[in-house]
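[1] With the sequence up front, the predicted model follows.
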Amino acid sequence: MFKKILIANRGEIAVRVIRACHEMGIAAVAVYSDVDRASLHVRKADEAYPIGAPAASESYLNIQKILDVAARSGADAIHPGYGFLSENAKFARACVDAGVKFIGPTAEAMDAMGSKTKARQAMERAGVPFVPGTSRGLESVEQAQEVAARIGYPVMLKAAAGGGGKGMRLVHAPEDLKSALEGARSEAERSFGDSEVYIEKAIINPRHIEMQVLADEHGNTVYLGERECSLQRRHQKVIEEAPSPIVDADMRRRMGEVAVRVAQAAAYTNAGTVEFLVDQQKNFYFLEMNTRLQVEHPVTELITGFDLVHLQIRIADGERLPFTQDQITIRGHAIECRIYAEDPDNNYFPSPGKITLLLLPSGPGIRRDSGMYEGWTVPMDYDPLLAKLIGYGTDREQAISRLTRALNEYFVGGIKTNISLFRRILSDPDFRAAKMDTGFLDRLLKQKRAEVPTDPKASEVAAIAAGIFAVLGAAGAGAGERPAANGSVSSRPSAASNWKIAAHKEAMR
Amino acid sequence: MTYDITIDGKQYRLDLNRAEGRWSCFLDGREVEVDAVLARPDVLSLRIGNQAYEVKCERVAGEMHLWVGSARFAAEVRDPRSLRGRVRAVDDHGPKKLTAPMPGKIVRVLVRQGDEVEAGAGVLVVEAMKMQNEIKSPKKGTIQKILVSEGAAVNAGDVLAIVE
């Protein structure tokens, strides 16, 4: 087994991997940029090395610096977490060359999945279902009309070189096809210098469901059930759950077997995720494969009872999968909320800053994977994910009620977070009824927030508390600003001595 | 102690006194039975009658917010006898700086030097992490100066404009 693992990441996922290392008796090496010296992953690690400027290209994305630390620390493996270098084939190859094990798939498997045309060819050979349409560029309007008639409207025109919604047109009726094709072509030409456009059946408000797979280096591949990730905003997942409320045992088996075929077609090893779009008739279509551990892996861990990071490390060390497909059972229901430092009142704009007060939820069925602590200043240089709160229960309803209860216990003071958004989602009747698709969150956010009548009593309670805090002055204040600094009426000196604080606390008993 | 307290715009007069660990409390002249324990800094466990509340206090950028359960209230506390209250009232006078909340790029300047602006009116738009953030005027006044132009890169804390 590895003696020492370098974690080429930061935030909650670095902490998550460090914990797994310690559980397995492996030393954990952290790397950190200039603004992350005080980050939690540095506190939890056994060794920590600075790797430079905050810009990711200077630090967490800098292959040479990471490999230098691996050499200096004597780490025998590197866990990339998610994001940063996790899906970088060049990095995986550089690890091989440097003689350090990359905990993830091979560079070849990443390449096979990274290129859209290569992936599609491999998947076609493997008999994986795609969204119906053409896999080559359209030659004429007549051809487009013929294909559209065959697959049925609405259809989507897409630029072959596309991305970011450019060169895309949704077409509802045959008479609109000609002008849409011309528009898509000229936009594709302008955006990518390539006017090639192909056609696909449009899947309106699909669900996004993904299948977790695990493959060892001896040819064994299994699936660990699906995750429902339909609740997204700006293509960013916000809440995930497992199992999906619409997937039954038969559909799970069919999707799982396709996912295993996808992985095997790419000679995939370690943990990976096969993403599918699912239409309203529950037809599923291959979307892409993510060649890394996913942010939302804890929901799968809770319903299968397996620790995916432990398994990743064991697989990378050459061990065989310790179970077969028929030994994997799904039990209960898990839902994850991604807690972000963003301001719900300002269009969910990132809201970095100092965490002045942190109250943590706990109790039955609650798991918290966090990278924050009280007194820490959230840097503005990275993704604003602070923590993941996961609720687990016998069934979906209990998971929701536990999560709702835990969200009410969770308090992050000093910065803005999206915790209130989860209260809204979890109490939404459509969410409760599991009526979800990828358009759900945009529709919810467009609705005017139902005016919650403010409890006049709560306002009075706030007034009384404000007075008591004023009397207490500095003794009652935490990691935020001292009351004297913000015009408090307290007559006490701002820097109350510990003796005075103790005396005030005594008086409060 | 007597305080004038504003909670989300609603005024209260609070008389609070503590003797032998007990609070005596009059809210707008009405006696309220209060029992308070400071659970930890910024967190009060309050009993009002037999109703139990956990109240969290958030102090950021000179503002105080109180959370009763998951409801958030803006709170202002004034001592009617102290000068502070009056000082605070005139606090809105004089020039105010608008600063960048985070590093980014100025994508739009919405006003010109000399323009009159209302409190809360958009002055500039800063883009960071691919998102646009409108920087609003903290007060009603005149744009005295704009220190950046469209396209400029700014750091957190950079002064972008001054409202007088």
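    The structure has been received and is ready for your questions.

[2] Below-threshold pLDDT in chain B: ranges please.
    Across chain B, the ranges flagged by pLDDT under 70 are B:82-93, B:129-131.

[3] Can you show me the helices along it?
    Assigned helices in chain B, in chain order: B:83-89 (criterion: DSSP state H).

[4] Centroid-nearest residue for it?
    Central residue of chain B (C-alpha atoms, centre = their mean): B:Glu63, 3.2 Å from the mean position.

[5] B:Lys140 contacts B:Ala119, doesn't it?
    Yes: under the criterion of C-beta atoms under 8 Å, B:Lys140 makes contact with B:Ala119 at 4.8 Å. Using the backbone N, CA and C atoms, a C-beta is placed for each residue, glycine as well.

[6] Verify the stated contact: A:Gln264 with A:Asn220.
    No: between A:Gln264 and A:Asn220 there is no contact under C-beta under 8 Å: 10.1 Å.

[7] Which residues lie in contact with the residue lying closest to A:Leu359 once chain neighbours are set aside in this structure?
    Spatial nearest neighbour of A:Leu359, chain neighbours left out: A:Phe411 (3.9 Å); criterion: C-beta to C-beta, 6 or more residues apart in numbering or on different chains. Going by C-beta atoms under 8 Å, 6 or more residues apart in numbering or on different chains, A:Phe411 touches A:357-359, B:56, B:67.

[8] now swap in A:Met156 and tell me
    A:133, A:168-171, A:199-202 are the contacts of A:Met156 under C-beta under 8 Å, 6+ apart.

[9] try 10 Å
    A:131, A:133, A:168-171, A:180, A:184, A:198-204 (C-beta atoms under 10 Å, 6 or more residues apart in numbering or on different chains).

[10] SS state for A:Arg253?
    In three-state terms, and counting by DSSP: H, G, I helix; E, B strand; the rest coil, A:Arg253 is helix.

[11] Relative to chain B, how far out is it?
    From A:Arg253 across to chain B, the span is 40 Å (C-beta to the nearest C-beta, to the nearest Å).

[12] Can I take it that A:Phe218 is in a helix?
    Actually, residue A:218 is His. It isn't Phe. No: when three-state DSSP is applied, A:His218 is found to be coil, with no helix at that position.

[13] Please name the nearest non-neighbouring residue to it.
    Per C-beta to C-beta, 6+ apart, closest to A:His218 is A:Arg320, 5.4 Å.

[14] Name all residues that make contact with the nearest residue to A:Ile355 once chain neighbours are set aside.
    Nearest residue to A:Ile355, sequence neighbours excluded (C-beta to C-beta, 6+ apart): A:Gly414, at 5.0 Å. For A:Gly414, the contacting residues are A:351, A:353-358, A:374-378, A:478-481, B:42, B:58-61, by C-beta under 10 Å, 6+ apart.

[15] which of the residues you listed are buried?
    By neighbour count, with 16 or more other C-beta atoms under 10 Å in any protein chain shown, those hold A:351, A:353-358, A:374, A:376, A:378, A:478-481, B:42, B:58-60 as buried.

[16] How about the secondary structure of A:Arg136?
    Secondary structure, three-state DSSP: A:Arg136 is coil.

[17] so it sits right up against A:Gln121, yeah?
    No: applying C-beta atoms under 10 Å, one finds A:Arg136 not in contact with A:Gln121, separated by 11.8 Å.

[18] The two - which one has more neighbours?
    Between A:Arg136 and A:Gln121, counting by other C-beta atoms under 10 Å in any protein chain shown, A:Gln121 is the more crowded of the two (14 against 8).

[19] Let's test this: mean pLDDT of the helix or strand encompassing the more buried one, rounded?
    Element membership for A:Gln121, per DSSP states H and E: helix A:116-125. With pLDDT averaged residue by residue, helix A:116-125 scores 73.

[20] Burial check on residue 10, number of neighbours?
    Defaulting to chain A. Quick note: A:Arg10 (other C-beta under 10 Å) scores 29 neighbours.

[21] switch to chain B, that's the one I care about
    By other C-beta under 10 Å, neighbour count at B:Lys10 equals 14.

[22] And the one 4 residues further on, by the same measure?
    Number of residues near B:Leu14 (other C-beta under 10 Å) recorded here: 22.

[23] Name whatever forms a beta bridge with it.
    B:Tyr3, B:Leu27 (DSSP bridges).

[24] Tell me the pLDDT of the residue nearest to A:Ile355.
    Model confidence at A:Gly414 (pLDDT) stands at 94.

[25] Please apply the same query to A:Arg509.
    Turning to A:Arg509, the model gives it a pLDDT of 48.

[26] same question, A:Arg16
    The score at A:Arg16 is 98. That number is its pLDDT.

[27] ok, A:Asp307 - contacts?
    Listed by C-beta under 10 Å, 6+ apart, the contact set of A:Asp307 reads A:19-20, A:23-24, A:297-298, A:301, A:313-314.

[28] from these, which is closest to B:Asp28?
    Nearest to B:Asp28 among the contacts of A:Asp307, counting by C-beta to C-beta, is A:Pro298 at 49.1 Å.
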